[in-house]
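> Predicted model and sequence below, questions to follow.
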Amino acid sequence: MTHQTILYSQTDGVGLLTLNRPEVMNALNRRMRAELTAAITAAPATGARVLVLTGAGRAFCSGQDLTDTQGGPIDLEKVLNEEYVPLLRAIADSPLPVVAAVNGAAAGAGANLALGCDVVIAAESASFIQAFTRIGLVPDAGGTWLLPRQVGLARAMGAMLFAERIPATQAVQWGMIWEAVPDAAFPAQWQARAAALAKGPTLAYGQLKAALRAGLENGYADQLAVEARAQAACGASADFREGVAAFLQKRPARFTGT
């Protein structure tokens, strides 16, 4: 894949998507949102088994590009419904694990883009800012749904009302992200995490994602049924047969994602 606002590369099943507007701290414009959505949607067909989303330069993503007006006032509701929703749904619905490797500031919609990924690994110098009230807006890009479920209502409310910078180390303590890594070790750590996922049981990962996200809305009985259906799909897979054989033979499993 070749893109202008994003870069894509793939090595050993790891698809790397890099937001590529470093001159504006990777602010999201219309073209970037469209290209990112298309790349995430297409990735499974390319042979990728995990996706990593990161930013070029010193920032992960500074949020909405406020200069991207297409010559007139921004219809924010339309932009959210027609451009952000498909992007966020592409991440949530992807059968692949999607890892946010947050290399720097993640602000506004950029913060919620990261938090909408399946796993967030951040450099210790990175930070998350719900910056919306600084310009008189309400948090969007899924933030009002995601953040209270990740950190609780009190912390989500404070983070959004005060729009203060949350360092990556604090985000880990709050349960907002998976891990914060010293800057020098950050590239090697996210690469190792991605490589491990790329060698894993891709079908099971997809079923796991869908089940966990359904569980945020389902009652107990409904979720038990979701688990049973997911387990039936995984139990019929070659990966399950390989996993059992590897366990009995006391060797590492060689998963194929089927």
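On my side now, so go ahead.
> Show me how the protein divides into domains.
Segmentation of the chain into domains, based on automatic domain parsing, reads 6-198, 202-249.
> Just the endpoints, please. Distance across the longest one?
Using C-alpha to C-alpha, to the nearest Å, the end-to-end distance of domain 6-198 comes out at 21 Å.
> what's the average pLDDT for it?
Domain 6-198 shows a mean pLDDT of 96.
> now do stretch 203-215
96.
> in that stretch, what's buried?
203, 204, 205, 206, 207, 209, 210, 211 (16 or more other C-beta atoms under 10 Å). (Glycine included, C-beta is placed from N, CA and C.)
> all helices of the stretch 151-258 of the chain, in order?
Using DSSP state H, counting those that start in this stretch, the helices of the stretch 151-258 of the chain run over 153-162, 168-174, 186-198, 202-215, 220-235, 238-249.
> Let me have those helices in TSV, adding distance to residue 145 as columns.
As requested, the helices of the stretch 151-258 of the chain are exported to TSV (distance: least, C-beta to C-beta, whole Å):
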stretch	distance to residue 145
helix 153-162	10
helix 168-174	17
helix 186-198	25
helix 202-215	11
helix 220-235	18
helix 238-249	31
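> so which of the ones you listed gets nearest residue 25?
With C-beta to C-beta as the measure, helix 168-174 is the member of these nearest residue 25 (16.4 Å).
> hmm, back to that, can you tell me which of the buried residues of stretch 203-215 lies closest to residue 132?
Nearest to residue 132 among the buried residues of stretch 203-215, with distances taken as C-beta to C-beta, is residue 209, at 27.1 Å.
> what's the closest non-adjacent residue to that closest one?
Leaving aside its sequence neighbours, residue 209 sits nearest to residue 118 (C-beta to C-beta, 6 or more residues apart in numbering; 6.1 Å).
> ok, now which ones touch that neighbour?
Listed by C-beta atoms under 8 Å, 6 or more residues apart in numbering, the contact set of residue 118 reads 91, 97, 98, 99, 209.
> Now stretch 83-101: buried residues?
For stretch 83-101, a neighbour-count test (16+ other C-beta under 10 Å) marks 83-84, 86-88, 90-91, 94, 96-101 as buried.
> now it: how far from the chain's centre is it?
6 Å (C-alpha atoms, centre = their mean, to the nearest Å).
> Indicate which one of the helices of the stretch 151-258 of the chain is closest to residue 15.
helix 186-198 (8.9 Å).
> Between helix 202-215 and the closest one, find me the angle.
With axes from the mean of the first three to the mean of the last three C-alpha atoms, to 10 degrees as the basis, helix 186-198 and helix 202-215 are set at 100 degrees to each other.
> just checking, what packs against helix 186-198?
With contacts defined as 3 or more C-beta pairs under 8 Å, 6 or more residues apart in numbering; DSSP states H and E, helix 186-198 has these neighbours: strand 14-19, strand 50-55, strand 98-102, strand 119-123, strand 179-181.
> what's it in contact with?
Contacts with helix 186-198, where a contact means C-beta under 8 Å, 6+ apart, come from 12-14, 49-50, 52, 54, 97, 99, 101, 103, 119, 121-124, 179, 181, 205.
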